[in-house]
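Undergrad: Following is a predicted model, sequence given first.
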Amino acid sequence: MFSRLFVPDTFDYMIAGYVVLSIVISVYIASIALRWKIAAEKFRSYQDDK
Amino acid sequence: MLEKPRLLTGLDILSALMILIAAALVFFYAPVEQLMGQVQKVFYFHVATAWVGMLGFMVAGVAGVLYLRTEKEKWDIAGLGAVEISLVFFMVAIIMGSIWARPIWNTWWTWDPRLTTASIVELIYAAYLLLRSGLDDPGKRARFSAIYAIFGFFSVPLTFISIRLVRTIHPVVIGSAEAASQGGFNMDASMKTAFFFSLVAFSVFFADLLWHRIRLGKLQSKVNQLRYQSYEKES
């Protein structure tokens, strides 16, 4: 009976978990995009030099 | 070379949609667990990210075998991409687990067999990237990476079975739990739906990221070739 009435408030921890997930994955995706952009610029410049 | 395949764009959209649906299932469909409260919802993506980590380490091992058999650069690029993505996801799984543990175990960290073996796996693959970057010869680097990825993978099943073999407080949600585990729970039908959908969604997301990372690796390799050719021309 007691456990049915008392659900602990752990909302902040849940949010913290998903915030960490979102930030880390977003940074990784951004790093792929940035590295692609840099490599593509270099590729184009070497192609122009040919 | 720079043009993005349509199929990849489709996979981007599919993986984004699946992650959104998985999040909706976790937050709005799966019920709040009565003993742990809302933090139990961390479990769905914690397991999914750990699964992607293990999947990627396995892909890297397979790519290592294929590289040693064929010596084709594409397998080296695939192995590197899989390790890189898996390191990120496995780190997220460890951090999410730690956040879950704070209210449930009353500690951010304990040297439990699962936590210890997971940390060892993360360090093994972090060392893969560090050691790899120290080798200049592309052939040697690829061979070393292939062998390292194959042997490194032995640490992954050890992590998976650690909570099933030895006494641990880490819960076993699927399968029989160790008596000492704390924070375990039984999943009802809606929890199972959210859980398995999350696993599939993150697997698709992994495939999508790996494709992007392989394209990036191929482009970087091509740029290196062009740079080398340009130096040769100049000298």
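TA: Cool, got the structure. Numbers count the residues shown, from 1 in each chain, chains lettered A, B, ... in the order given.

Undergrad: List the buried residues for the longest helix along chain A?
TA: Scanning chain A for the longest helix, with DSSP state H as the assignment, gives helix A:11-49. Buried residues in helix A:11-49, counted by 16 or more other C-beta atoms under 10 Å in any protein chain shown: A:13-14, A:16-18, A:20-21, A:24-25, A:28, A:32, A:36, A:39, A:42-43, A:46. Any C-beta I mention is one placed from the backbone N, CA and C, and that applies to glycine too.

Undergrad: Which helix or strand in chain A has the lowest average pLDDT?
TA: helix A:2-5 (a mean of 55; mean pLDDT, DSSP states H and E).

Undergrad: what about the helix or strand B:Lys233 falls within, near chain A?
TA: Secondary structure from DSSP states H and E places B:Lys233 in helix B:189-234. Yes: using C-beta under 8 Å from any C-beta of the partner chain, helix B:189-234 reaches chain A at B:209, B:212-213, B:215-216, B:219-220, B:222-223, B:226-227, B:230.

Undergrad: Give me the mean pLDDT for stretch B:228-235.
TA: When pLDDT is averaged over stretch B:228-235, the result is 82.

Undergrad: repeat for stretch B:15-28
TA: 98.

Undergrad: hang on, the earlier thing: ok, of the residues of helix B:189-234 next to chain A, which come out buried?
TA: Among the residues of helix B:189-234 next to chain A, those classed as buried by 16+ other C-beta under 10 Å are B:209, B:212-213, B:215-216, B:219-220, B:222-223, B:226.

Undergrad: residues contacting residue 29?
TA: Chain wasn't specified; assuming chain A. By C-beta atoms under 8 Å, 6 or more residues apart in numbering or on different chains, the residues touching A:Ile29 are B:Leu209.

Undergrad: could you do chain B instead?
TA: Contacts for B:Tyr29 (C-beta under 8 Å, 6+ apart) come out as B:190, B:193-194.

Undergrad: So which of those wins on neighbours?
TA: B:Ala194 (25 neighbours; other C-beta atoms under 10 Å in any protein chain shown).

Undergrad: quick one: it and B:Phe27 touch, right?
TA: No: contact criterion C-beta atoms under 8 Å: B:Ala194 and B:Phe27 do not qualify, at 9.1 Å.

Undergrad: Helix A:11-49 and the helix holding B:Lys233, what's the angle between them?
TA: Angle of helix B:189-234 versus helix A:11-49, following axes from the mean of the first three to the mean of the last three C-alpha atoms, to 10 degrees, is 30 degrees.

Undergrad: can you pull the pLDDT of residue 46?
TA: Defaulting to chain A. On the pLDDT scale, A:Tyr46 is placed at 88.

Undergrad: Oops, wrong one, chain B.
TA: On the pLDDT scale, B:His46 gets 97.

Undergrad: Need the residue closest to the centroid of chain B.
TA: Geometric centre of chain B, nearest residue: B:Gly53, 1.6 Å, by C-alpha atoms, centre = their mean.

Undergrad: For that residue, pull up the helix or strand it's in.
TA: Per DSSP H and E: B:Gly53 is located in helix B:42-70.

Undergrad: Point out the other helices and strands that that helix packs with.
TA: Contacts defined by 3 or more C-beta pairs under 8 Å, 6 or more residues apart in numbering or on different chains; DSSP states H and E place helix B:42-70 against helix A:11-49, helix B:6-24, helix B:73-105, helix B:113-133, helix B:138-152, helix B:155-165, helix B:189-234.

Undergrad: okay if I get these as CSV plus distance to B:Met36?
TA: Below are the helices and strands packed on helix B:42-70 laid out as CSV (distance: least, C-beta to C-beta, whole Å):
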stretch, distance to B:Met36
helix A:11-49, 9
helix B:6-24, 19
helix B:73-105, 6
helix B:113-133, 18
helix B:138-152, 34
helix B:155-165, 18
helix B:189-234, 12
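
Undergrad: so where's the chain shaky on pLDDT?
TA: Assuming you mean chain A. Low-confidence segments of chain A (pLDDT under 70): A:1-5, A:50.

Undergrad: that's the wrong chain, I meant chain B
TA: For chain B, applying pLDDT under 70 flags the ranges B:174-181, B:183.

Undergrad: The same query, at a cut-off of 80, please.
TA: Residues of chain B that meet the criterion pLDDT under 80 lie in B:1, B:173-186, B:233-235.
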